[in-house]
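**Q** Give me the fold of what follows.
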Amino acid sequence: MNTDTQVYRITGMDCAECARTLEIGVSKLDGVASCSLSYTTAKLHVSGEVAPATVIERVRKLGYDVEEKAEAEGKAKAEAGQKAAAGGFLRFLLQRRSTTLTLIAGMLILPALVFDELLPMLGVSSPLFALMSLTALVLAGAPIAQNAWRALVINHRITINLLMTIAALGAVMLGAYGEAGLVMVLFALGEALEGYTMTRARDGIRTLMDAAPNQATVLRPCIDCRGHMGQDGYSGGPCPFCGLEEQRVEVGDLRIGETIIVKPGERIAMDGRISAGAATVNQAPIT
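**A** As a prediction, this is how the structure comes out:
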């Protein structure tokens, strides 16, 4: 068993409700002490005596997936290119099976939307419109109904997905096939658009984090200086002769109150106050 905090990158989330469903589902596992999922970063943090395989299995049972780090970084780079390209939302819809089905459903619902809802005065009607609307309802609504069922069975929660499924079935029972299909398609497209927007936001955050340097030059005393060992009774520790010297360290090893040196052309590694010197700073990476 693993008692350390485990971190997973989650895929397949389209809304904050997805994150909430996952967080509750994983927290119900035996051995989980705490569980938190940030929808913004798509990172799941789990601590307690629970095996990683058990966590991943629960995530997949709830209809989502876990990415390996290398795969996640590769996708982030691919998303950066898609963001700049025209038709990014269309490409996003084609990346997953559920969103691809939503795209197909959107095309199937168009005849009913145009002739039954927007232009009924034209008098164009066909039983085929109802059949296409029902097909759109099934294609767009199946993933939503599955997520609703999983949340109900595993988490014992009534979610918006369940309410939308009930509403669509009620419309079908009333014979309003076009309305049933249209509502479900619009709901699915809305969730997909929210997921696409958040994907772009995550990509921007990752790009900003990549712009930050991993190392910094810090002023620290020379420890256990071999060159002055034994001089004037010096037997170790901070060297009184060398004073502070430049050392290259990882950013994570920096301590509050230390002085770092930013040389011309270098990126600033950490927040702080300028104690000496003057320079022009390029803020383009964060603006």
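
**Q** CA atoms for contacts and neighbours, from now on please.
**A** Will do.

**Q** Show the subsequent helix or strand relative to the helix or strand of the chain with the lowest mean pLDDT.
**A** Least confident helix or strand of the chain, by mean pLDDT, DSSP states H and E, is helix 69-84 with a mean of 48. Downstream of helix 69-84, the first helix or strand assigned by DSSP states H and E is helix 88-93.

**Q** Only the buried residues of that following helix, if you could.
**A** Judged by neighbour count using 16 or more other Cα atoms under 10 Å, the buried positions of helix 88-93 are F89, R91, F92, L93.

**Q** farthest-separated two in the residues you listed?
**A** F89 and L93 (6.3 Å; Cα to Cα).

**Q** Need the CA coordinates for stretch 244-258. CSV is fine.
**A** Extracted in CSV, the C-alpha atoms of stretch 244-258 (Å, rounded to 0.1, in the frame of the first residue of the first chain):
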residue,chain,number,x,y,z
LEU,A,244,28.8,34.4,0.4
GLU,A,245,29.4,32.8,-3.0
GLU,A,246,27.2,32.1,-6.0
GLN,A,247,25.7,28.6,-6.1
ARG,A,248,23.4,27.1,-8.7
VAL,A,249,20.5,25.3,-7.1
GLU,A,250,17.1,23.9,-8.0
VAL,A,251,14.2,26.4,-7.6
GLY,A,252,12.5,24.0,-5.2
ASP,A,253,15.5,24.2,-2.8
LEU,A,254,15.3,28.0,-2.4
ARG,A,255,14.6,29.3,1.0
ILE,A,256,12.6,32.4,2.0
GLY,A,257,14.9,35.4,2.6
GLU,A,258,17.7,34.2,0.4
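
**Q** What's the mean pLDDT across that stretch?
**A** Mean pLDDT, computed over stretch 244-258, is 87.

**Q** Now stretch 94-111: buried residues?
**A** Residues of stretch 94-111 classed as buried: 98-106, 108-111 (neighbour count, 16+ other Cα under 10 Å).

**Q** What distance do you get for the spatially most central residue of the chain to L22?
**A** Geometric centre of the chain, nearest residue: A42, 2.9 Å, by Cα atoms, centre = their mean. Taking Cα to Cα, to the nearest Å as the criterion, A42 is separated from L22 by 11 Å.

**Q** Could you do V153 as well?
**A** Taken as Cα to Cα, the span from V153 to L22 is 13 Å.

**Q** again with R97
**A** R97 sits 20 Å away from L22, going by Cα to Cα.

**Q** so how many other residues sit close to L139?
**A** Around L139 there are 24 other residues, counting by other Cα atoms under 10 Å.

**Q** I'd say it and L101 touch.
**A** Yes. L139 is within contact range of L101, at 5.5 Å (criterion: Cα atoms under 8 Å).
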